[in-house]
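**Student:** Need a 3D model of the sequence below.
(chains A and B)
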Amino acid sequence: MSRTLTREQHLDLYYYMQLNRQLEERMVRLFRQNKIVGGLYASLGQEAISIGTAYALEPRDWLAPMIRNIGALLVKGFKPRDIFTQHMAKYTSPTRGKDGTSHFGDLKVRHTVSPISMLGDLIPVMTGVAMAGRYLGQHIVTMTWIGDGGSSTGAFHEGLNFAATQKAALVLVLENNQWAYSTPVTRQVPLKNLADRAKAYGVHSTIVDGNDVVAVYHAAKDAVDRCRAGHGPVLIEAKTMRMKGHAQHDPAEYVPKEMFDYWKARDPIPRYEKYLTEHKIWDAAKKAEIDARIERELDADQKFAEESPLPPPELAEEGAYCEGCHKIEADWKRAKEEVMPPKSSIQAEWTTPRLGGLDADFIANAEIPGAKEAAAANGEASAPAAAVAAAAGASSASPSASSAPAADPPAAPDAPEDVAKAPALRVPFGRGPKDREFERERNEAQRKREAQRQSRSRTKRRKR
Amino acid sequence: MPAITMLEGIRQAMFEEMERDPAVVALGEDIGVYGGAFKVTEGLLARFGPERVIDTPISETAIVGAACGMSYLGLRPVAEMQFIDFIACCFNQVTNFVAKSHYRWGAPVPMVLRGPSGGGVHGGPFHSANPEMYFVHTPGLKVVYPSTVYDAKGLLKSAIRDNNPVLFFEHKFLYRRVKEEIPAGDFTVPIGKAAVRREGKDLTILSYAAMAHTALEAAEQLAKEGIDAEVIDLRTLLPLDRQTILASLKKTNKLLVVHEDTRTGGIAGEIAALVCEGAFEDLDGPIMRVTAPDTPVPYSPPLEERFLPNAEKVAAAARELAKY
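**Tutor:** Numbers count the residues shown, from 1 in each chain, chains lettered A, B, ... in the order given. From the prediction side, this is the model:
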């Protein structure tokens, strides 16, 4: 069993994953009946990522989903009826029909920012949310998702770099589902592990088996804890597979059949069911009880959505501006005096630790005037700069993943030169338990080679 | 009170708003220690500290995105574009994320995006632009472009207090060239209200920003020739002050629009349509316009002088219009 999850929490994870899947299966049927107005984007096979990551957040934390993160919205407290009505463009939907799909949010209670269709733009926005949360003393963590495809956008890189320079409490979950619409990941990014993107910004990163919900949860929990402690953003690469086309209209004929077969055998839900049984967390009766609850809830919410009216046409012309409909008030969890003069006043001068140039130890880490004092005033755990610098950029596998069921710790990303030397993977796509076994063998061989080389060089030194 | 520059007026607005409301924060490139490329934010960091005055990387998308995220938690960020030309780098954030937020999901974005704009300082194609019309064409935004010190200070305060995203254009030619005595104490200028700068009865010259001064200069010249021009300074481009425009036209029956922005798709076209819809019967002549030509802003002084409208060009067009 997992080191921290209770039995109830284990069952929660199942509930949300199955709810996510059943909800989407119903929407596929609705789509075929022409009841879904626009596109339908499936998260089939990726449910463990949305659920496992969002489950690591606290109610005060903020998230912003992407198109395949309906599961995260469910965990955050939205109801299936919100998803149904959004897709069916109903007046009762959270956006009252003004936008569809997962494009909705809630500033007040569920702390959710609505995405836009353009990829990557949530990263700077959630960086800003994290910065504001810190400023207001709220000790919140923010989380958003991006795909393998979206990790090539400028907004991704600008956002991640800014989050890193600000040490923003941002958990960025990179769902590597192998395909950006019809383009395989190998044609998008010349990297084996997209987690390596984080290294460029000195951002801590981990890699996790995205089809293992417990492993995903632990990776996310570690990331959230790390963020809340003030160590800056974390990127989690979750390896998975998009089991449908880009959207419902796309039959995904460009995906080799063997690839679907390979990943179908690693479906996160049956896998988790097996885990729950093996660890005696549930029995058949408990499963039947949860499944029945899901059916009941979905029946009621689908009925609600189908019977809901479409919006009145005149609504189209309303609401482009806030004309006094919102009262904007920040939720201060610290004394405002701390950010007001005279307390906020400082000596505005840069201090740079080194002179630049080719100094080997040079860390591009100019002190932001007054930043340390501000962090201390905000009650942040301010780790010594050196320790943080050492931690940042060091890509490492999440130690928690080892406690995950039926899964070995995901291999740490190799250094580029190792990749060059390493033999090709047996399967030219994705990663799963078999690949990890293979990788373990390969890493073992590499370690041996490395040990031999070191002992040789020691011998040489002795000879001299 | 001694006369102050527009730059100082904007600076005062920032200081006073940050002093008044701890939810107001500033972010942008080189705005902290350096005080901004034009020194608009000079002294802000020393007074309000690094949590409220944030030096950012050169990442316009990150600046606007982060400002938007901050506003979701109830802050009122004022983001600076070092030159407003660079707003093109974050066009998606501004037009898709920020502008559509309230309409799509009811999330207000109380942020200000401000920056130096306009030509006349030989800045060349990337430091002189007037990109306001991209944003006037974007529902959800407000677009403000003041011409006087009083308006700059009062409108920036209104923009910061507004619950909607406001683009605040600061004409860099005016930064240190216009000076004005302004009253002590807190005052605001409402967004969406034009100002009649000169009353007249023969024709209306409609303009904004640096060209409002050019229009006034032309009107003085025309007065000597017996043409009594009314000069209106739009101050806000979105929402347009339809009422003031139509009221003036009912009086003078003739309209000349002057803008420094390029011709096609400039605000003159929009105003012409608005007047045809609302006061066609009152028109005694064609709606005329004096604008920059449809080219980028050139660098070399004689080229830029040719590019920009000036009092002579405005007066010449007004004379033509007065003949109707």
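**Student:** Which of the helices and strands in chain A ranks last by mean pLDDT?
**Tutor:** Least confident element among the helices and strands of chain A, by mean pLDDT, DSSP states H and E: helix A:385-391 (a mean of 38).
**Student:** What count of nearby residues applies to residue 223?
**Tutor:** If you meant another chain, say so; for now it's chain A. Counted with other CB atoms under 10 Å in any protein chain shown, residues neighbouring A:Ala223 total 29. In this view, the C-beta of every residue, glycine as well, is placed from N, C-alpha and C.
**Student:** please go with chain B instead
**Tutor:** Neighbourhood size, B:Ala223 [other CB under 10 Å]: 14.
**Student:** Go ahead and confirm it touches B:Glu217.
**Tutor:** No. B:Ala223 lies out of contact with B:Glu217 (CB atoms under 8 Å); the separation is 11.0 Å.
**Student:** Most proximal residue of the stretch 151-300 of chain B with respect to chain A?
**Tutor:** Nearest to chain A, among the residues of the stretch 151-300 of chain B, is B:Asn163, at 4.0 Å (CB to the nearest CB).
**Student:** Need the pLDDT of the closest residue to that residue other than its chain neighbours.
**Tutor:** Nearest non-adjacent residue to B:Asn163, counting by CB to CB, 6 or more residues apart in numbering or on different chains: A:Cys322, 4.0 Å away. Note on A:Cys322: pLDDT of 97.
**Student:** so A:Cys322 touches B:Lys142, yeah?
**Tutor:** No. Using CB under 8 Å as the test, A:Cys322 is too far from B:Lys142 to be in contact (10.7 Å).
**Student:** can you list residues touching both of these two?
**Tutor:** Residues touching both A:Cys322 and B:Lys142 (CB atoms under 8 Å, 6 or more residues apart in numbering or on different chains): B:Asn164.
**Student:** Please list all residues in contact with the residue of the stretch 251-400 of chain A found nearest chain B.
**Tutor:** Here the stretch 251-400 of chain A gets closest to chain B at one residue, A:Ala330, 3.2 Å apart by CB to the nearest CB. Taking CB under 8 Å, 6+ apart, we find A:Ala330 in contact with A:Ala132, A:Leu136, B:Ala23, B:Leu73, B:Gly74, B:Leu75.
**Student:** what's near enough to touch the spatially closest residue to it that is not a sequence neighbour?
**Tutor:** Once flanking residues are discounted, A:Ala330 sits nearest to B:Gly74: 3.2 Å by CB to CB, 6+ apart. By CB under 8 Å, 6+ apart, the contact list for B:Gly74 reads A:Ala132, A:Leu136, A:Ile328, A:Glu329, A:Ala330, A:Asp331, B:Ala23.
**Student:** Ramachandran angles for B:Leu206?
**Tutor:** Backbone torsions of B:Leu206, given as degrees, to the nearest 10, read phi -110, psi 130.
**Student:** Tell me, how many residues neighbour it?
**Tutor:** Quick note: B:Leu206 (other CB under 10 Å) scores 28 neighbours.
**Student:** Tell me how many other residues crowd B:Thr56.
**Tutor:** B:Thr56 has 23 neighbours, counted by other CB under 10 Å.
**Student:** so what pLDDT did it get?
**Tutor:** With respect to pLDDT, B:Thr56 has a value of 98.
**Student:** Get me the contact residues on the stretch 151-300 of chain B for chain A.
**Tutor:** Counting by CB under 8 Å from any CB of the partner chain, the residues of the stretch 151-300 of chain B lying close to chain A are B:Asn163, B:Asn164.
**Student:** Show me the helices in the stretch 1-150 of chain B, by range?
**Tutor:** According to DSSP state H, counting those that start in this stretch, the stretch 1-150 of chain B carries its helices in the segments B:6-20, B:44-48, B:60-72, B:91-92, B:101-105, B:132-136, B:149-161.
**Student:** now swap in chain A and tell me
**Tutor:** For chain A, helices defined by DSSP state H occupy the ranges A:7-32, A:47-54, A:70-75, A:80-87, A:122-135, A:154-165, A:213-228, A:257-264, A:268-278, A:284-307, A:371-377, A:385-391, A:416-421, A:433-463.
**Student:** Where among the ones you listed is average confidence lowest?
**Tutor:** helix A:385-391 (a mean of 38).
**Student:** before we move on, back to that, where's the residue of the stretch 151-300 of chain B closest to chain A, which helix or strand?
**Tutor:** Per DSSP states H and E: B:Asn163 is located in neither a helix nor a strand.
**Student:** Touching, it and B:Pro110? I think so.
**Tutor:** Yes. Using CB under 8 Å, B:Asn163 is in contact with B:Pro110, at 5.0 Å.
**Student:** Those two - which one has more neighbours?
**Tutor:** B:Pro110 (25 against 19).
**Student:** OK, contacts around the more buried one?
**Tutor:** Going by CB under 8 Å, 6+ apart, B:Pro110 touches A:Cys322, A:Ile328, B:Ser71, B:Arg76, B:Asp162, B:Asn163, B:Asn164, B:Pro165.
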